[in-house]
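J.: take a look and give me a structure for this.
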Amino acid sequence: MKVKSDFRVRCVTELDVQWCKDNCVEFLLLDLDGTLRAENAKEFKKKIVCWVQCLKEAGIQLCIVSNAKRKKVKKAAKMLDIPYIADAEKPSSLGIKEAMTSWNYNPDTTIMIGDSKCDIVSGFCAGLRTVLVDEIVDKCECGCGEDYSHHEWWEI
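T.: Presented below is the predicted three-dimensional model:
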């Protein structure tokens, strides 16, 4: 079976409040490294912090779902003041299903956002729509990835 993300954007910040409303999205599940910040970065770019705050103020729930260790994910989630699921075991859908159950959301109003095959496959396996973002890199000043040239299909 081939899997492809439902949407493709350069950066998570393109998914604004209006986009969420237009797509009936109430719950955003977000990968951490490469999606919200560069791999191994200690802080978030201002653009990402403002985006998170704007969505929260609009009543949209966000949750980090990451394969990273609990200590790292907990610290990042605390900085953004959003909940998290660490050690999510993606591409398994276990962490995603745990998040939806914990916060009482269903697949119809939930979306998985990430920068890798692992993120997209886990969302697909949980029955969610998915968004593939370009990986955030340290050198990018805008808070977004730089390469928007491809949208891959993956075998699962």
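
J.: pLDDT wise, what is the nearest residue to Ser116 once chain neighbours are set aside at?
T.: Excluding the flanking residues, the one nearest Ser116 by CB to CB, 6 or more residues apart in numbering is Gly34, at 6.7 Å. C-betas here are computed from N, CA, C, even on glycine. In this prediction, Gly34 carries a pLDDT score of 94.

J.: so in this protein, where's the weakest helix or strand by average pLDDT?
T.: strand 154-155 (a mean of 54; mean pLDDT, DSSP states H and E).

J.: counting neighbours, what do you get for the residue nearest to Leu80 when sequence neighbours are not counted?
T.: Counting by CB to CB, 6+ apart, Val52 is the residue found nearest to Leu80 once chain neighbours are left out, at 5.0 Å. Neighbours of Val52 under the rule other CB atoms under 10 Å: 22.

J.: low-confidence stretches in the chain?
T.: 138-156 (pLDDT under 70).

J.: how about the helices in it?
T.: Taking DSSP state H as the criterion, the chain carries its helices at 17-22, 46-57, 70-80, 94-102, 117-125.

J.: which stretch among those is buried most, on average?
T.: Comparing those by mean neighbour count (mean count of other CB atoms under 10 Å), helix 117-125 comes out on top with a mean of 23.

J.: quick revisit: pipe the helices of the chain into JSON lines and attach distance to Asn40 per row.
T.: JSON lines is the format used below for those (distance: least, CB to CB, whole Å):
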{"stretch": "helix 17-22", "distance to Asn40": "29"}
{"stretch": "helix 46-57", "distance to Asn40": "16"}
{"stretch": "helix 70-80", "distance to Asn40": "9"}
{"stretch": "helix 94-102", "distance to Asn40": "21"}
{"stretch": "helix 117-125", "distance to Asn40": "17"}
